[in-house]
Structure formats: C-alpha cells, structure tokens
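S.K.: what follows is a protein structure lacking sequence information:
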C-alpha cells in the first residue's frame, strides 16, 4: 500500500528513522522499554493478506496451513493488530488504512443521448469492472440467513454447535451484503451521472442498479430495431459503382459488423431482411413494428403481413373506383360548351368573305 519502494528510499536516505522495538510485557511504570509514540499507522492490506495467506510469511522450519473459515481469519487479524498495538502503544491516534481499487473514470463513459445506448452500456460496464464495483449488476442481492431455532429434542451442545456454525454464515452474509449495497449505490450514481437530463427524467426510480438498467434498455428497444432495419436495407441495397473494390468490401464488412454487435439472432435477421424486400406501401407497417418492444416470430410475421396485404388491397380498390367514377367527362352533347380555343373552318370563312352583303 502506498508508494512503491518509498520505504526503501526513506530508510536509505534517513537510516536513523528505523529503531528496534522490543515485544516485552509492561513494566511497573506501564511501559515496555520502547520509545514513546504519539501515532500508529497500520497498513491493513498487508495484515489482511498475511492472515488469508499465512503460508506466504517467512517461517523457519514451520509449515503453516491457510485458514479454513472466516472466523479464523478475523481472529488472526485481531491478534496481529493487538500485538502491534502493545509494541508501539500510541498515545493519540491509531490509523487503520484499508485501500482498494474503487475508482471509476466517468469521463470515459459517453453521455447517453438516445442514439448511443449500445456504446454507452459497453463503456459503463467496462469502467465498473475496471473499478471493481460491478458486484451489484453481476450478482443478485445476498439473501439473509435465518437464525437457528432450537428443536424440542435437541441437546444444548448440539444447538450451541449450530449457533457457532451460524455465526460464520451470518458474518459472511454481513460482509457480502455491505459490499453489494455499496456497489449498488455507486452503480446507480454513475448511471444517472452519464445520462442526459431529458432521458433521466423519463426513467422511473429503481431500488437496484440492475433494474434501472433494464428500464433504460426497454426505452431503446424500438430504436434498436429501427437501426437493424436501416443497416440491413443498406447492406442489401449496397452496390459496387466503381472505385476501389477493397473499400467497397470493407464498407460492407463494417455494416455487417454493426449487425453482429447488436447480437441479432438468425430469425430476427430473416424478419428484417423480409421487411427490406417489401414495397413502399408497407413502410407504415414496418414503422409500427419497430415501435413495438416485442419481437415477432415467422408465424406471427406471416399472419400480420397477410392482414396488411388485405388492407392495402382494399384501400387500393376503393381509390381505383373513386378515380374511375370521377374521370373528366367527354363533352360532346348539344348543350355542352366547347373546351379550349375555337377552331375555325378555313373553307367556310373564305366562302363567306366572297359573298356580298
């Protein structure tokens, strides 16, 4: 813990700062023969590691086995702390330093603006994993164990043994529950801090970060389907029109990789491919599908497309009948007025000009 090799540098530069300490019982004056110290700083990471892995310590001729229970670990930790405290005997302050990787770089997470949900979720989970605070979104909340109840025919020794075993289970639960609670709070705060205010206001409050992420995902399900449709249509309609064939292939490969990132299933890909092959009369039908959170299977797609086909046919028949009944009539009757400019007969006009009035 702390700066690597700092202790070595300090000892080499100031060798007199290190003084031997005697682990002796207290004398008549209350001291143990050591210097008088005001403060004691304990590196708890080193103590905890040695208590979990005592075999890493340097023992001479002694084979040490690792602890079997958490109770043994805590007893070893308290023993080491008491021993160091008796040696130093600080008069003012005892500082227990416990460190860990709990840093999340929020700057690396893009702000969720409605069009980048996939990228935002990937960066969000990556930063939480690097900061080792993703326990709440990867594991459920620990279940509290029930306290043991003594049976009617159970002896006192057996019940005491069960209570002793339950103490270890309870201690493990308390540690995991506290870790999960802290992780859940940090995950919620990071998620809310990286979402635009308009989107954040439309998401209901949730007790857990996992539930909050599901609410966010449900709001962008439709946009994911719309993105899939546009990518497939672009992939189908893409044609090589000259230039570099390498750039053309790389462009299509990039489009296909975006579909792979969406985790599109084979049936969903087929559905969107069918949509891309439909004429423009089905555009409204496709938009309505993209707005729905649920996904269709092939059977439901056939049923819904058949209904839409009947609707389009009926609407086109009515429009055709309307146009047929409202065609411009051919005015050839006696009472009809001539349309356009009048055309004069040259022969009649010339003969009428030759007659005398």
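M.R.: It's in. Not measured: the values here are computed from a predicted model.
S.K.: secondary structure element holding the closest residue to residue 204 other than its chain neighbours?
M.R.: Leaving aside its chain neighbours, residue 204 sits nearest to residue 215 (6.3 Å; criterion: Cβ to Cβ, 6 or more residues apart in numbering). Where you see a C-beta, it was placed from the backbone N, CA and C, and this is true even at glycine. Under the criterion of DSSP states H and E, residue 215 resides in helix 209-219.
S.K.: ok, now residue 94?
M.R.: Going by DSSP H and E, residue 94 is in strand 93-97.
S.K.: for that strand, packing partners?
M.R.: The contact analysis (3 or more Cβ pairs under 8 Å, 6 or more residues apart in numbering; DSSP states H and E) places strand 93-97 against strand 39-43, helix 44-52.
S.K.: pLDDT averaged over the helix or strand encompassing residue 225 - what is it?
M.R.: In this assignment (DSSP H and E), residue 225 forms part of helix 221-237. The pLDDT scores in helix 221-237 average 73.
S.K.: all helices of the stretch 1-150 of the chain, in order?
M.R.: Counting by DSSP state H, counting those that start in this stretch, the segments of the stretch 1-150 of the chain that form helices are 6-13, 44-52, 70-88, 117-130, 135-138.
S.K.: next one: the stretch 251-357 of the chain
M.R.: With DSSP H, counting those that start in this stretch as the criterion, the stretch 251-357 of the chain has helices at 266-277, 283-291, 298-325, 346-354.
S.K.: which of those has the lowest mean pLDDT?
M.R.: Taking the mean pLDDT of those, helix 346-354 comes last: a mean of 48.
S.K.: residues in contact with residue 127?
M.R.: 104, 105, 106, 108, 109, 190 (Cβ atoms under 8 Å, 6 or more residues apart in numbering).
S.K.: farthest-apart pair in those residues, please.
M.R.: Across the contacts of residue 127, the longest distance by Cβ to Cβ is 11.0 Å; it joins 108 and 190.
S.K.: what about the two, which has more around it?
M.R.: Neighbours per residue (other Cβ atoms under 10 Å) separate residue 108 from residue 190, with residue 190 holding more: 19 against 12.
S.K.: the more buried one against residue 104, yeah?
M.R.: Yes: between residue 190 and residue 104 there is a contact at 5.7 Å, judged by Cβ atoms under 8 Å.
S.K.: between the two, which contacts overlap?
M.R.: With Cβ under 8 Å, 6+ apart, residue 190 and residue 104 have common neighbours 127, 128.
S.K.: what about residue 143, how many residues close to it?
M.R.: Every residue meeting other Cβ under 10 Å relative to residue 143 is counted, giving 9.
S.K.: how far away is residue 43 from residue 175?
M.R.: Using Cβ to Cβ, to the nearest Å, residue 43 is found at 20 Å from residue 175.
S.K.: the more surrounded of the two?
M.R.: Neighbour count, other Cβ under 10 Å: between residue 43 and residue 175, residue 43 has more, with 15 against 12.
S.K.: so the more buried one makes contact with residue 96?
M.R.: No: if you go by Cβ under 8 Å, residue 43 and residue 96 don't touch, sitting 9.1 Å apart.
S.K.: can you redo the contacts of residue 127 as a markdown table with distance to residue 290?
M.R.: Putting the contacts of residue 127 into a markdown table (distance: Cβ to Cβ, whole Å) gives the following:
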| residue | distance to residue 290 |
| --- | --- |
| 104 | 34 |
| 105 | 35 |
| 106 | 32 |
| 108 | 31 |
| 109 | 27 |
| 190 | 30 |
